[in-house]
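Participant: Sequence and computational prediction follow.
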Amino acid sequence: MTIVQLEYIVAVDTYRSFVMAAEKCFVTQPTLSMQVQKLEETLGVKLFDRTRQPVVPTEIGVEVINQARRVLQESYKINEVINERKGEISGELRIGVIPTVAPYLLPKVIGSFREKYPKVKLSISELTTETIIQQLKNNLLDCGILATPLDESSLTERPIYYENFVSYVSKTSPVYKKKSLQAGDLDMDDLWLLNEGHCMRNQVLNICKHKKASLQNLEYNTGSIETLIRMVDLNDGITILPELSLQHFSVKQLDKIRYFKSPEPSREISIVTHANYIKKRTIDALEEEILESVPKRMKSKKKKEIINI
């Protein structure tokens, strides 16, 4: 049994294809298949049901692959021990970030991080919460930056800041004249929402306590906060925004912002890792850069109501 063989069976389980697994492992498909078969012969069990497409692990295969993932995680820590002794932060850091955080947090963080840690290669993907969770479990990401809590026992959450939600209100809206809002002031019929699959959509619905809207003659699906802002500007109504999205607003746009009364609805943003994660020093360095980039008031959840996902 070898580390390489364990990497191959984990890859097949992750991609559910011998061809794709070989491509991701940078070997030919016959080479990978031969090594998987050798491991099966060594163990005396079949790890995959090859008669099904996509390929799926057998019952015993699921148990072996789960153990293989733990073994690989521990083996990868050897390089971490060496780098720790050298006092060096280097290598690749694979980060998944939800789209409602990435454009408002990362531009500033990336610049300062790369300047301080030039030996680290950042690989960043904008992904939904569900995809980040799955890729963390499959070791396709080193960490995620997303709204929490997630209630996932195999993952570890490090809360880093607490971001208020604010309302962006058209001048024709009945609530435009109000200086601050309560959840009850929001009319679901006038509310522009992100589409299904975005955790912020669920949080906005939770702010509104799932108030029901009447049937409308328009259903608009978007994954972009910028589109929501544009829809309010051109078609009236209201949308809910994360506070960091306001940093480049014009004076005219800021005039449409209405804050909520205390305790203000907020979201908890965390760095999430696998419970058995590696690259601790690199992720610690990322956390430090994020904390330096967000306003001081966001580092406390005092007078805030954390909205569940």
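Facilitator: Ah, there it is. Fair warning: this is a prediction, and the values are worked out from it, not measured in the lab.

Participant: The nearest residue to Met231 once chain neighbours are set aside: how many residues sit nearby?
Facilitator: Counting by CB to CB, 6 or more residues apart in numbering, Trp192 is the residue found nearest to Met231 once chain neighbours are left out, at 4.9 Å. From N, CA and C alone the C-beta is placed, and that goes for glycine too. Counted by other CB atoms under 10 Å, the residues lying close to Trp192 total 21.

Participant: wait, isn't Trp192 in contact with Gly237?
Facilitator: Yes - between Trp192 and Gly237 there is a contact under CB atoms under 8 Å: 5.5 Å.

Participant: so what sits against both of those two?
Facilitator: Residues touching both Trp192 and Gly237 (CB atoms under 8 Å, 6 or more residues apart in numbering) are Met231.

Participant: Can you point out the buried residues in stretch 113-127?
Facilitator: By neighbour count on 16 or more other CB atoms under 10 Å, the buried set for stretch 113-127 is 113, 117, 120, 122, 126-127.

Participant: Helices of the stretch 51-200 of the chain, start to end?
Facilitator: Secondary structure of the stretch 51-200 of the chain (DSSP state H, counting those that start in this stretch): helices located at 59-86, 102-116, 129-137, 199-207.

Participant: Can you report how many residues lie near Tyr168?
Facilitator: 25.

Participant: any idea of the pLDDT on it?
Facilitator: Note for Tyr168: predicted pLDDT of 96.

Participant: cool, and Leu218?
Facilitator: Reading off the model, Leu218 has pLDDT 54.

Participant: How about Ile229, nearest residue that isn't a chain neighbour?
Facilitator: Tyr168 (6.1 Å).

Participant: ok, what's across the strand from that neighbour?
Facilitator: As for beta bridges, Tyr168 partners with Thr239, Ile257 under DSSP bridges.

Participant: my guess is it meets Gly237, correct?
Facilitator: No - taking contacts as CB under 8 Å, Tyr168 lies outside contact range of Gly237: 9.3 Å.
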